[in-house]
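Asks: how would this look folded up:
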Amino acid sequence: MTSISIIGAGNMGTAIAAIAAKGGASVQLLAQDAEKTRTAATQAGASVVAGVVGDALTGEIVVLALPYPAVAGVLAQYQGRLDGKILVDITNPLDFATFDSLVVPADGSAAQVIAEAVPGARVLKAFNTTFAATLATGGVNGVAPTTVLVAGDDTDAKNALIGLLVAGGVLALDAGALKRARELEALGFLQLTLAAAGATGWTGGFALVK
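Replies: Predicted coordinates for the structure are as follows:
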């Protein structure tokens, strides 16, 4: 059985936990607020185990379902405990002061920054081009199925995450090497700014049609 630890119990973390639980995984959901986490875990599925950030990670897959500014602190808290883990970055590293730029180098990505900070982990980029609502419903505004794009340099790690997502009823595709996170973050940035401006809805977004 696949095991997954999700750090962050917001809309994205809850939606990912629900997919993982539906796919038969052992799911651990962690956040700072214990009561909020218990509520989110119950919403995600009866089998989801709630805890707080700092608890031992039970998952072979660890998802950082956090805003980008919160990632560094969590990585520091789990220093030395992420080696060998499949570490999934879902962030879009926006400048939240302006909502008009990214805070990582133009030739890099948040995923690359995380990979450099935790060299012992197998880092993947995923989920940043999907909204929580589309993960929860499995579709993009009724137009197309939700597709999670997964980038990373470790094929086995990508296959493990893709297999879990497919088992949970969501389409997932290998988007290439971790350097493709740069393009995924640019796409996620554009999608967020369009939704924030009211040009698209939070139940919509970009869809992949084969």
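Asks: So which residues make contact with stretch 21-35?
Replies: 1-10, 13-14, 17, 20, 37, 40-41, 44-45, 47-53, 55, 57-59, 164-169 (CB atoms under 8 Å, 6 or more residues apart in numbering). Where C-beta positions appear, they are placed from N, C-alpha and C, glycine not excepted.
Asks: next one: it to chain centre, how far?
Replies: 13 Å (CA atoms, centre = their mean, to the nearest Å).
Asks: hmm, back to that, for ChimeraX, write a command that selects the buried ones of the contacts of stretch 21-35.
Replies: Remark: buried members of the contacts of stretch 21-35, expressed as a ChimeraX selection using 16 or more other CB atoms under 10 Å:
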select :2,3,4,5,6,7,8,9,13,14,17,20,37,40,41,44,45,48,49,50,51,53,57,59,164,165,168
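Asks: With V104 as the reference, measure out to P119.
Replies: Applying CB to CB, to the nearest Å, the value for P119 to V104 is 18 Å.
Asks: Surely V74 is in contact with I7?
Replies: Yes. Assessed by CB atoms under 8 Å, V74 is found in contact with I7 at 5.9 Å.
Asks: Common neighbours of the two, please.
Replies: Both V74 and I7 are contacted by 53, 64, 66, under the criterion CB under 8 Å, 6+ apart.
Asks: need those in CSV with distance to D174 and secondary structure, can you?
Replies: Formatted as CSV, the shared contacts of V74 and I7 follow (distance: CB to CB, whole Å; DSSP: H, G, I helix; E, B strand; the rest coil):
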residue, distance to D174, secondary structure
V53, 30, strand
L64, 20, strand
L66, 24, coil
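Asks: more neighbours, P119 and V104?
Replies: V104 (18 against 9; other CB atoms under 10 Å).
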